[in-house]
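A.B. asks: here's my sequence, what's the structure:
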Amino acid sequence: MSETERDISFETLAQACAIDISQLTKSGRGELNGALKQLRDALPDFSDLELSLVIEDRAKAYRQTMPDVMLTPSALVKHWAALEGVRARQETYPEHEPLDCPTCGDLRMVEREDGWGPCPTCNGKALAIVDRYHDRQDRAARRSPLLP
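C.D. replies: As a prediction, the model looks like this:
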């Protein structure tokens, strides 16, 4: 890896586990690298950036599920599959119930400058998910100068 390239998923895993990379010992770096190898093996088709976004999501799910337990790279790997189900249950879209919405006429979608999106009046949960996704994409693009 050249000096201009960064291992974003390594940095994200360290940050998610509150590990200061500049203070890593040999065994600490080994634990991070070992955990990251297992995650890359679990998601072989994901780019470094995509994997970093998934790591970020699963670390949030870990903290929500086990707020009093220290998050370590090994713990994240151990609970990796179970954490996917946690995030999926949290982000389930609500069932459509007619609300007589004045903004969208119960379509639950509105036309925006960038295309169609969730109605801010009656579909706030979906709008929050979309906004969080866009925020992550923006943060990831700022972290990686290598993206087009």
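A.B. asks: now do the contacts for the residue lying farthest from the centre of the chain.
C.D. replies: No residue in the chain sits farther from the centre than residue 100, which is 33.8 Å out by C-alpha atoms, centre = their mean. With contact set as C-beta atoms under 8 Å, 6 or more residues apart in numbering, residue 100 has these partners: residue 106. From N, CA and C alone the C-beta is placed, and that goes for glycine too.
A.B. asks: so which elements touch the top helix by length along the chain?
C.D. replies: Scanning the chain for the helix with the most residues, using DSSP state H, yields helix 124-143. Applying 3 or more C-beta pairs under 8 Å, 6 or more residues apart in numbering; DSSP states H and E, we find helix 124-143 packed against helix 8-16, helix 48-65, strand 115-118.
A.B. asks: for residue 69, see how far away the residue nearest the centre of the chain is.
C.D. replies: For the chain, the residue nearest the mean C-alpha position is residue 57 (3.1 Å; C-alpha atoms, centre = their mean). Distance of residue 57 to residue 69, computed by C-beta to C-beta, to the nearest Å: 18 Å.
A.B. asks: which pLDDT value goes with residue 73?
C.D. replies: pLDDT, residue 73: 96.
A.B. asks: number of residues surrounding the closest residue to it other than its chain neighbours?
C.D. replies: Here the nearest residue to residue 73 in space, its sequence neighbours aside, is residue 35; by C-beta to C-beta, 6 or more residues apart in numbering that works out to 3.4 Å. By the criterion of other C-beta atoms under 10 Å, residue 35 has 22 neighbours.
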